[in-house]
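**Q** my questions concern the predicted model and sequence given below.
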Amino acid sequence: MTNSPSPVVAVTNLSVDYHERRRWVNVVKNVSFWIEPGETLGLAGESGSGKTTTAYSLFAYRRPGSRIQSGTVEFEGEDLLALDEGRLRRLRGSRISMVPQNPSSSLTPSMRVGHQVVEVLEAHGVASNKREGETRTFELFDEVGLPQPRAMFQRYPHQLSGGQQQRVVIALALACRPTLLVLDEPTTALDVTTQARILRLLARLREEHGMAMLYVTHNLGVLAQICDRVAVMYAGELVETAPTAELFAHPRHPYTRGLIAAVPRLKEPPGAEVQLRGLLRRDELPPGCRFAPRCDFADPKCFTLPQKLTPAGDPYAVACWLWEDIASGRRTVAESSAGAA
Amino acid sequence: MRYVLRLVLPRVLLAIITLVVVSATIFWAVELLPGDAATRLLGQGATAERVTAMREVLKLDQPPLQRYVGWLSGFVRGDWGESLVSALPSSIASAGGRQSRPVADLVLPRLSNTMILAAAALILYVPLSLILGLVTAIYRDRKLVSWLSALVLVGTAIPEFVIGIVLLLVFSVTLQWFPPLSLIDDAQSFTQLLSMLVLPAVTLTLAMTAYAVRMMQTSVMAVMESDYVRLATLKGLSRRRVIWRHVLPNAIGPALRVTVLNLAWLIGGVVLVEVIFSFPGLGRQLIDSIKLLDTPVIEAIAMILAAVYIIANLGADLIAGFLNPRLRTG
């Protein structure tokens, strides 16, 4: 699958189910991807596409009521899904760390933020005593651009602004110098200016530490700014991966085309953007291509023919058997399926 | 220090205002009891002069507002008035030489008995419910724990008088481990006192624990599913540290609040349990006094119970406040 130097993490055929109303519902299906050292992979998709679940599986973390049905998550050569709790604990927060979606609910309300950083340093033996932990925390706070690190140390989460909270969480994630940083919509809960500052900070930190990142978001603008490569997810499956520039210039999968076309542009009047037809309905997925019910190009065969991510002209990989016809313009919007919406 | 004042002062003021409102309500409610205390005391056959004389002695001739203010200011100063019926029946008959007994003398020993009972129940109940709640929440995947949770749920539905009667039948009547009557005044030694306390205290504890365990369980489970506990886990902290430093401090606030609020329930529970076990406490005194229409005693006990209720609420608020940095630091 990969011809590059050994990847930091390689996910192979990952499938995850959730327990819902007394039955198991598949949320991630046969997902495979890898991230190279220092590389930033963007994971894009609508809410409910399984991107957050995929992100958490990099920690071998199962959310309550979920099970990892199959697959491997190889991190630096070890399958995380086969490790025991103790080994996992040593990796989590030190070699792989998380910047979650909502900074305000991700910091423990009863604990001073400084101590929340110190405990990570202590848990992984980076700091051997309290004084060392504190000094290191001040440095980390300074590094992520928190003003007056010493004063910040004593604050409780609710006394910080959203941007400051996210900086604390980033300091936490960086504390043990991880090789892989997983970011789950890290700027979605923030206002636009704060979002831009946090993105600049992340770009700078990546530059300085050379860590690999998985950046999960539904915001294509953010992806374009920070990612080397993008993987697009739909209804639990990867539908396309490509380097960011290529993906935005010539998306190949109908879903990616729809996503990119749906971004409002300043030059066009409002409402001119193309809208993706319909909604993601998890309970009505066809056995074939999961996007078929919403696809403008769909053929009756699409509904029954399962699609797999396959090379589609370097550097693309696409899960659509019609991609060539669509790209060349031989296949246009199918009238029959357009009427079915 | 300033935040302590800001947290405590308004709540204390509110508690005092509530107590005043409650005192007025109690006073009017007792006034509404059928009949005039003087006629009640002297019986239906008393002459009009004797009734008038008695009304003067009892200050019933004064306007109600004046009597209320007099009663309340007396109550605050510790002068709770005199019992109407505690004196011997023969001496009541002669209105002038009535041998009266201060309400305080009657009520205070009963109050201390009730406090001993409530304290015993609390000592069992607070740790028991917090620990059970925590354990059942953490190990909820295990079979044994789900049975325990089910048991707790059933326990919530059983009223205290049923528990009390069952315990009484099993442990006092059948097994004869504990005395069926708690004549605490006759207790010779500490062990004797303890054996009298066991059944009533256990009854109260069982009745309260079920509910509190559930509250603690819910609270712990909500916190365990929070984003910050997930992040703490992903930080690579040990499970023990996650539970002690991230789950417990945030789960115990709401649970402890409910636990302390249960004190208020304890007040009601105590009345029933004291009657079942003939425990000479406030609750039984209240029932006895209502039967005899001994208004000053009813008023005093009602005020004490209301005060305990309000103080328990205040305590619950303050505990929640001190545990929550958001309230503590503003």
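**A** Nice, I can see it. Nothing here was measured: the structure is a model prediction, and the numbers come from that model.
**Q** in the helix or strand residue B:291 falls within, what's buried?
**A** According to DSSP states H and E, residue B:291 maps onto helix B:282-292. Neighbour counts over helix B:282-292 (16 or more other Cβ atoms under 10 Å in any protein chain shown) mark B:282-286, B:289-290 as buried. In this view, the C-beta of every residue, glycine as well, is placed from N, C-alpha and C.
**Q** and after that helix, which helix or strand comes next?
**A** Counting by DSSP H and E, the next helix or strand C-terminal to helix B:282-292 is helix B:295-323.
**Q** wait, residue A:105 sits on residue B:227?
**A** Yes: contact status for residue A:105 versus residue B:227: in contact at 4.2 Å, counting by Cβ atoms under 8 Å.
**Q** nearest spatial neighbour of residue B:247, skipping sequence neighbours?
**A** Residue nearest to residue B:247 in three dimensions, not counting chain neighbours: residue B:223, with 5.1 Å by Cβ to Cβ, 6 or more residues apart in numbering or on different chains.
**Q** what sits against the most centrally placed residue in chain A?
**A** Closest residue to the average C-alpha location of chain A: residue A:216 at 2.2 Å, with Cα atoms, centre = their mean. Residue A:216 makes contacts with A:42-43, A:51-52, A:54-55, A:182-185, as judged by Cβ atoms under 8 Å, 6 or more residues apart in numbering or on different chains.
**Q** where does residue 248 fall, secondary structure wise?
**A** Using chain A here. Going by DSSP H and E, residue A:248 is in helix A:244-249.
**Q** other chain: chain B
**A** Following DSSP H and E, one finds residue B:248 within helix B:248-276.
**Q** say whether chain A is contacted by that helix.
**A** Yes: on the criterion Cβ under 8 Å from any Cβ of the partner chain, helix B:248-276 is in touch with chain A at B:249-250.
**Q** would you mind listing the buried residues in that helix?
**A** Residues of helix B:248-276 classed as buried: B:248-267, B:269-276 (neighbour count, 16+ other Cβ under 10 Å).
**Q** check stretch A:147-166 too.
**A** Residues A:149, A:152-153, A:155-157, A:159-160, A:162-166 are the ones in stretch A:147-166 that count as buried (16+ other Cβ under 10 Å).
**Q** how about those in JSON lines, adding pLDDT, distance to residue B:167 and secondary structure?
**A** Shown next, in JSON lines, are the buried residues of stretch A:147-166 (pLDDT from 0 to 100; distance: Cβ to Cβ, whole Å; DSSP: H, G, I helix; E, B strand; the rest coil):
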{"residue": "A:149", "pLDDT": "94", "distance to residue B:167": "60", "secondary structure": "helix"}
{"residue": "A:152", "pLDDT": "95", "distance to residue B:167": "56", "secondary structure": "helix"}
{"residue": "A:153", "pLDDT": "96", "distance to residue B:167": "54", "secondary structure": "helix"}
{"residue": "A:155", "pLDDT": "95", "distance to residue B:167": "51", "secondary structure": "coil"}
{"residue": "A:156", "pLDDT": "94", "distance to residue B:167": "46", "secondary structure": "coil"}
{"residue": "A:157", "pLDDT": "95", "distance to residue B:167": "47", "secondary structure": "helix"}
{"residue": "A:159", "pLDDT": "94", "distance to residue B:167": "50", "secondary structure": "helix"}
{"residue": "A:160", "pLDDT": "95", "distance to residue B:167": "53", "secondary structure": "coil"}
{"residue": "A:162", "pLDDT": "91", "distance to residue B:167": "55", "secondary structure": "helix"}
{"residue": "A:163", "pLDDT": "91", "distance to residue B:167": "59", "secondary structure": "helix"}
{"residue": "A:164", "pLDDT": "94", "distance to residue B:167": "56", "secondary structure": "helix"}
{"residue": "A:165", "pLDDT": "95", "distance to residue B:167": "52", "secondary structure": "helix"}
{"residue": "A:166", "pLDDT": "93", "distance to residue B:167": "56", "secondary structure": "helix"}
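**Q** between those, which sits nearest chain B?
**A** Closest to chain B out of these is residue A:156 (4.3 Å), distances taken as Cβ to the nearest Cβ.
**Q** hmm, back to that, from the contacts of residue A:216, which two are the most distant?
**A** Greatest spatial distance in those: A:42 and A:52, 13.8 Å, computed using Cβ to Cβ.
**Q** with neighbour numbers in mind, choose between the two.
**A** The neighbour comparison of residue A:42 against residue A:52 (other Cβ atoms under 10 Å in any protein chain shown) goes to residue A:42, with 27 against 20.
**Q** separation between that one and chain B?
**A** In this view, residue A:42 and chain B are 20 Å apart by Cβ to the nearest Cβ, to the nearest Å.
**Q** list the neighbouring strands of the helix or strand where that residue lies plus their orientation.
**A** Assessed by DSSP H and E, residue A:42 sits inside strand A:40-44. Using DSSP bridges, the strands paired with strand A:40-44 are strand A:212-217 (parallel), strand A:229-234 (parallel).
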